[in-house]
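1. sequence and predicted structure are below.
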Amino acid sequence: MIYISSMIKALENLSYSREIMLEHMILTEKGSFEISSFESKFDGEATHLKDKSIQVLLALHPEFFRKMVEFEDWNSAVKYAEQYREEILKFWEISK
């Protein structure tokens with residue numbers, strides 16, 4: 001749960017960075033091709049990060065414990081985290 005919530009937070013921060021960069025590109029009058037190219041590359045990297053983070057998390061679980069993992073990809077991992085939202089929030093509150 002903690003790993004997934006950390007990845008969610010990292011992707012939220014990455015998304016804020018994306019918005020700041022898009023605003024900068026508009027203010028500096030970058031062309032639509034440059035903006036589209038940036039968005040496409042950004043989206044691809046975010047998708048890769050999501051997929052790779054789940055692959056690594058699953059790979060780090062010994063075979064015995066893998067059957068207890070309740071997700072198999074990014075979308076199901078986010079749904080899993082949503083089920084345990086209160087516990088995650090409590091963890092992060094205690095960690096401050």
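-> Done, it's in. The structure presented is a predicted model; accordingly, all values stated were derived computationally and were not measured. Residues are numbered from 1 along each chain as shown.
2. ok, which stretches of the protein are helices?
-> With helices called from DSSP state H, the chain shows them at 2-27, 32-60, 63-66, 74-83, 85-94.
3. looking at this protein, which helix or strand is least sure?
-> Sorting the helices and strands of the chain by mean pLDDT, DSSP states H and E puts helix 63-66 at the bottom, at a mean of 84.
4. state the pLDDT value of the residue sitting furthest away from the middle of the chain.
-> The centre of the chain is farthest from one residue, E29, which by C-alpha atoms, centre = their mean lies 29.4 Å away. We have a pLDDT of 95 for E29.
5. check the helices of the chain for me and report the most buried one.
-> Mean neighbour count (mean count of other C-beta atoms under 10 Å) peaks for helix 74-83 among those, with a mean of 15. (Glycine included, C-beta is placed from N, CA and C.)
6. surely L14 and A46 touch.
-> Yes. The pair L14 / A46 is scored as a contact, 6.3 Å apart, by C-beta atoms under 8 Å.
7. shared neighbours of those two, anything?
-> Common neighbours of L14 and A46 are not found (criterion: C-beta atoms under 8 Å, 6 or more residues apart in numbering).
8. returning to what we had before: could you tell me the least trusted of the helices of the chain?
-> Lowest mean pLDDT within the helices of the chain: helix 63-66, at a mean of 84.
9. relative to E72, how far out is the residue nearest to F91 when sequence neighbours are not counted?
-> Setting aside the residues directly before and after it, F91 is nearest to I2 in space (C-beta to C-beta, 6 or more residues apart in numbering), at 6.2 Å. Distance, I2 to E72, by C-beta to C-beta, to the nearest Å: 19 Å.
10. and what of G31?
-> Per C-beta to C-beta, G31 is found 40 Å from E72.
11. so which of these two has more stuff around it?
-> Counted by other C-beta atoms under 10 Å, G31 and E72 do not tie: E72 has more neighbours, with 13 against 9.
12. so that one is in contact with L58, correct?
-> Yes. E72 lies in contact with L58 (C-beta under 8 Å); the separation is 7.4 Å.
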